[in-house]
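Asker: With the sequence up front, the predicted model follows.
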Amino acid sequence: MTARVNLEQALLDPAGVFESPEEVRDHTALTTGQKIEILRRWVYDENEIAVAEEEGMLGGNPPMLKRVLVALEELGASIDGSTPTKHDGS
């Protein structure tokens, strides 16, 4: 994909801008750092959805966390454990 991306919007709502984490990974107009930043935000969002579903709230699309993590790994990003849970107050 070569179309320009509104980076600010992509960081606020990755799933609203991109159809898949693979689309982010393969986007030619983004730097590797930008791709990693967008995908890390997507990880955060997916974890929040998982927490909401666990608490009985319905999520939208099926979680894509594994696909996002694979895309991050393919870009050479380190994956930390700082994700939201209902136990840490996030």
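Answerer: Good, I have the coordinates.
Asker: ok, how many other residues are close to Gln9?
Answerer: 11 (other CB atoms under 10 Å). Placement of C-beta: from N, CA and C, glycine included.
Asker: Just want the most central residue of this structure.
Answerer: Trp42 (1.4 Å; CA atoms, centre = their mean).
Asker: Spell out which helix or strand contains it, please.
Answerer: Using DSSP states H and E, Trp42 falls within helix 32-54.
Asker: quick one: buried residues of the worst-scoring helix or strand of the chain on mean pLDDT?
Answerer: Between all helices and strands in the chain, the lowest mean by mean pLDDT, DSSP states H and E belongs to helix 32-54, at a mean of 89. For helix 32-54, the neighbour count (16 or more other CB atoms under 10 Å) marks 34-47, 49-51 as buried.
Asker: now the very next helix or strand once past that helix: mean pLDDT?
Answerer: Under the assignment DSSP H and E, the closest C-terminal helix or strand after helix 32-54 is helix 65-74. Averaging pLDDT along helix 65-74 gives 92.
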